[in-house]
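>>> structure of the sequence below:
(4 chains)
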Protein chains: 2
Amino acid sequence: MADPLEPEQLATYFALMESVSLLHHAVEQQVRAAGGLSYVQFQLLARLADTPERRLTMTELADGVVYSRSGLTHQAGLLEKAGLVTRGPSPDDQRATLVTITEDGLARVAAILPGHVEVVRDLLFAPLSDKDLPALGDIMTRVRDHMRAQPPRSVTTRRRRG
Amino acid sequence: MADPLEPEQLATYFALMESVSLLHHAVEQQVRAAGGLSYVQFQLLARLADTPERRLTMTELADGVVYSRSGLTHQAGLLEKAGLVTRGPSPDDQRATLVTITEDGLARVAAILPGHVEVVRDLLFAPLSDKDLPALGDIMTRVRDHMRAQPPRSVTTRRRRG
DNA sequence: TATTGTTATACTCTATAACTATA
DNA sequence: TATAGTTATAGAGTATAACAATA
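This next block holds a predicted model:
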């Protein structure tokens, strides 16, 4: 289990991390320039906009975007202060908070999206062939699902070598 | 140019970003638990360790890891204070600072690496087939090289639609 | 003039722990 | 007891602008 990665694995890992770092940096700038939001805030809004009901509980909203409850509370507070979402109690579960995207929030997403798509296309998809797209999509979907299924693997839970 | 991404592109983009976000979070925790470093600090050390001379100028060191000079100065200062690197003038260019990894720095990298590799293998490579690895490596290498070749694309430089 | 790097500063993000309230 | 969320707080990361020194 302590075997080193093969050189090809290592190179692939590094290429993946650096590519996404560069892409993240680029879209972060675009989102901030076009909409005055951080990428995390944009992701949260985009997620809400993509929901039929246009609302999610805090826990649902956090999933995959933010890794601490307090962090999400903070970001949701900023979005609410900016008038892009509202927060209210859930009828189903009195403990839960329903976050709903406002018209302004939808407009903000719409204002950011075209430029965002342009950056992603120019940086990520431009160098890919027609064959690469489904291959990458298939691989990354599988990887994501695998990671989601993993136990949180928090440091405290982590077993050191079996 | 303002055409939306095709659904397959969008799904691929999201899967890529979420996967790497999860992976980044996991390795960040591993690096901090095993070596008391942030991922950026580990990347800087690993980069130095991978160099024949075991030293690079600040500018060379920054490349692809950090996006502001002051940020690198800050991180290099932390690494120096921890005794993991030393900084000194370059004989070739009096303006440049040569950053050299110390024995302690090399030992720190060595202490982190096995667990790091384990996390990467378990999270990223476990769900990949023998065919997927070269495919992903090829694609991400191409994407990275393409992004590196791009003009910085800073917001101020960015042209809006040709 | 352009480049390398540092400093000072300010801001954002994130995480931890303690807490309230509901299931 | 466990879960949903908030608050307060502290720490780390990052970026901007002004600066000094060398090419």
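>>> what's near enough to touch the residue nearest the centre of chain A?
For chain A, the residue nearest the mean C-alpha position is A:Val65 (4.3 Å; C-alpha atoms, centre = their mean). Going by C-beta atoms under 8 Å, 6 or more residues apart in numbering or on different chains, A:Val65 touches A:Val40, A:Gln43, A:Leu44, A:Arg47, A:Leu72, B:Ser21. Where you see a C-beta, it was placed from the backbone N, CA and C, and this is true even at glycine.
>>> one more time with 10 Å
Contacts for A:Val65 (C-beta atoms under 10 Å, 6 or more residues apart in numbering or on different chains) come out as A:39-41, A:43-44, A:46-47, A:71-72, A:75, B:17-18, B:21.
>>> compare those residues and tell me which has the most neighbours.
Taking other C-beta atoms under 10 Å in any protein chain shown as the neighbour criterion, A:Leu44 ranks highest of the contacts of A:Val65 with 27 neighbours.
>>> state the distance from that residue to DNA strand D.
12 Å (C-beta to the nearest atom of the strand, to the nearest Å).
>>> list phi and psi for A:Gly71.
Main-chain torsions, A:Gly71, degrees, to the nearest 10: phi -60, psi -40.
>>> so what's it up against?
Shown in contact with A:Gly71 (C-beta under 10 Å, 6+ apart): A:Val40, A:Ala62, A:Val65.
>>> out of the residues you listed, which is nearest to chain B?
A:Val65 (7.9 Å; C-beta to the nearest C-beta).
>>> confirm the closest one sits in a strand?
No - counting by DSSP: H, G, I helix; E, B strand; the rest coil, A:Val65 is not part of a strand but coil.
>>> quick one, phi psi at it?
The phi/psi pair for A:Val65 (degrees, to the nearest 10) reads phi -110, psi -40.
>>> same question for A:Glu53.
phi -80, psi -10.
>>> just the pLDDT for it.
Looking at A:Glu53, its pLDDT stands at 97.
>>> just to revisit the earlier point, can you list the contacts of A:Gly71 in CSV and add pLDDT?
Output for those, formatted as CSV (pLDDT from 0 to 100):
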residue, pLDDT
A:Val40, 98
A:Ala62, 94
A:Val65, 94
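>>> okay, buried residues for the helix or strand containing A:Met140 please.
Using DSSP states H and E, A:Met140 sits in helix A:132-149. For helix A:132-149, the buried set under the neighbour-count rule, 16 or more other C-beta atoms under 10 Å in any protein chain shown, comprises A:132-133, A:135-137, A:139-144, A:146-147.
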